[in-house]
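Chemist: here you go, sequence then predicted model.
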Amino acid sequence: MYCDFVSAAASRETVAAYCLALEREIRAAGETYTEAKVSTVFLGGGTPSVVPPDAMWGVLRALRSSFTVLPDAEFTSEANPGTLSEEWLEVLMQAGLNRLSLGVQAAQDELLWRIGRIHTFREAEESIRLAQRMGIRNINADAMYGLPGQTARDHLETLERLCALEVTHLSAYSLILEEGTPLSRMVEEGAFTVPDDDACAEMTEAGIGLLQKHGFQQYEISNYARPGYACRHNMGYWQGAWYLGLGVAAHGMVPPTEQERAQGAVRVRIANPAEVGEYTALSPAHPVERSPIGPEEAMFESMMLGLRMNAGVSLARFETLHGQSMTDRYGAQLESLIRDGLGYWREAPDGRAFALTPKGLLLQNEALLRLMD
């Protein structure tokens, strides 16, 4: 296993208790945010496809009855190949599912085995075709590079084969070895070696070129879409929209209360417990952890997230969100990025936007460090 996401043994009892707790939280949140209009729904941060269809239906019914979900809402669920079934998809599609995100990762079964995935690439192909047969046309596939023993040819072969399956969206991102995971320990012990930073940069650049030839445009550091298929949910994160996180270890960004606003907060980050047992034991209206965010931190987050996108950060949107001009706050830093070929001004639908160059996107951390001056 290569990631450090919250996980628990999916016994029937654990799943049932968790889903009931999630239903309670959804209803409590609906009573708190009565005016909310939901434009995107995203089930993920795990493997929803292992949850039995009847339990999923209870969660989705609570969501639909507690919130106003707009008719044109983008409704995504993550799933892992090998755990997807027709019955499960039918239940979610009845609730509005219109986008699927599959954790494919690689086309080479040996690489999948090395990172602890339980599926083969053939099972990934079958899952994509099943979803397409059932009428889901908006499908994302995750592809990873920097895997143990992976070559540039392996990564490009993965992208080629996914393009051939006519997916509409691709997320291509580098493996991050999380401390304490089994894969990290194996690399430390010398059982596997991973490509270095230069090799990963070459995979990134080669992947961008290949995907462009297949009609995909990079619109964010790790995300590529055919025209009209950029992920609206993730765009919300990067553009500073409010979002509500529900479930174990879920995070959200919500408006401050009057008391928090009086204390200088302009946004509030919320978080749920990261342990399943602790989460399921909470009452329906449980208090989540609240972290007020002041104006300075909020402006930096807008830049940090917005500069992930090729479109960059809109001057007009920044001023609307923060009541301050981007150039007044970051003028010297932006000029520094332009001077060193890391950033540039571009035309935007609402005026101008500041964006990172291809070089800047590869060196985003360096760009962000300059904004902290």
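Modeler: Noted; the coordinates are in hand. Residues are numbered from 1 along each chain as shown.
Chemist: got any ranges where the stretch 251-373 of the chain has weak pLDDT?
Modeler: Along the stretch 251-373 of the chain, segments meeting pLDDT under 70 span 285-287.
Chemist: neighbouring contacts of stretch 30-38?
Modeler: Contact partners of stretch 30-38, identified using C-beta atoms under 8 Å, 6 or more residues apart in numbering, comprise S65, S66, F67, T68, V69, L70, A73, L244, V254, A285. The C-beta positions use only the backbone N, C-alpha and C, and glycine is treated the same way.
Chemist: the first one: how many residues sit nearby?
Modeler: A count of nearby residues for S65, using other C-beta atoms under 10 Å, gives 11.
Chemist: please enumerate the helices of the stretch 1-150 of the chain.
Modeler: Counting by DSSP state H, counting those that start in this stretch, the stretch 1-150 of the chain has helices at residues 12-32, 53-66, 86-94, 109-114, 121-133.
Chemist: the stretch 251-373 of the chain now?
Modeler: Using DSSP H, counting those that start in this stretch, the helices found in the stretch 251-373 of the chain span residues 258-262, 276-280, 295-306, 315-322, 326-339, 358-362, 364-371.
Chemist: V104: which of those helices is closest?
Modeler: Within those, the stretch nearest V104 is helix 358-362; the backing value is 23.2 Å (C-beta to C-beta).
Chemist: so for the closest one, what gets flagged as buried?
Modeler: Burial within helix 358-362, assessed by neighbour count using 16 or more other C-beta atoms under 10 Å, is assigned to G360, L361, L362.
Chemist: in CSV, list those along with distance to S85.
Modeler: Listed next are the buried residues of helix 358-362 as CSV, based on distance: C-beta to C-beta, whole Å:
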residue, distance to S85
G360, 43
L361, 38
L362, 40
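Chemist: got the contact list for the spatially closest residue to A95 that is not a sequence neighbour?
Modeler: Leaving aside its chain neighbours, A95 sits nearest to L60 (3.8 Å; criterion: C-beta to C-beta, 6 or more residues apart in numbering). For L60, the contact set (C-beta under 8 Å, 6+ apart) comprises V91, L92, A95.
Chemist: for the last one, give me its contacts.
Modeler: Applying C-beta under 8 Å, 6+ apart, we find A95 in contact with W57, L60, R61, L63, R64, F75.
Chemist: quickly note the distance from Q150 to P195.
Modeler: For Q150, the distance to P195 (C-beta to C-beta, to the nearest Å) stands at 6 Å.
Chemist: contacts only, for the most centrally placed residue in the chain.
Modeler: With the centre of the chain defined as its mean C-alpha position, the nearest residue by C-alpha atoms, centre = their mean is N234, 5.8 Å away. Taking C-beta under 8 Å, 6+ apart, we find N234 in contact with E220, N223.
Chemist: and it, what element?
Modeler: Using DSSP states H and E, N234 sits within helix 232-238.
Chemist: for my notes, confirm F192 occurs in a strand.
Modeler: No: counting by DSSP: H, G, I helix; E, B strand; the rest coil, F192 is not found in a strand; it is coil.
Chemist: wait, it sits on Q150?
Modeler: No: the pair formed by F192 and Q150 falls short of the contact definition of C-beta atoms under 8 Å, at 10.1 Å.
Chemist: how many neighbours does F300 have?
Modeler: 16.
Chemist: not counting its neighbours along the chain, what's nearest it?
Modeler: L371 (6.5 Å).
Chemist: please tell me how far that neighbour sits from A332.
Modeler: 10 Å.
Chemist: any chance of the contacts of A95 in a markdown table, with pLDDT too?
Modeler: What follows is the contacts of A95, written out as a markdown table (pLDDT from 0 to 100):
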| residue | pLDDT |
| --- | --- |
| W57 | 95 |
| L60 | 96 |
| R61 | 96 |
| L63 | 96 |
| R64 | 95 |
| F75 | 98 |
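Chemist: now the longest strand along the chain against helix 121-133, angle please.
Modeler: With DSSP state E applied, the strand covering the greatest number of residues in the chain is identified as strand 68-79. With axes from the mean of the first three to the mean of the last three C-alpha atoms, to 10 degrees defining the directions, strand 68-79 sits at 160 degrees from helix 121-133.
Chemist: what are the pairing partners of strand 68-79, and which direction each?
Modeler: Neighbouring strands of strand 68-79 in its sheet, by DSSP bridges, are strand 37-43 (parallel), strand 99-105 (parallel).
Chemist: avg pLDDT for the last one?
Modeler: If I follow you right, that is strand 99-105. Mean pLDDT, computed over strand 99-105, is 96.
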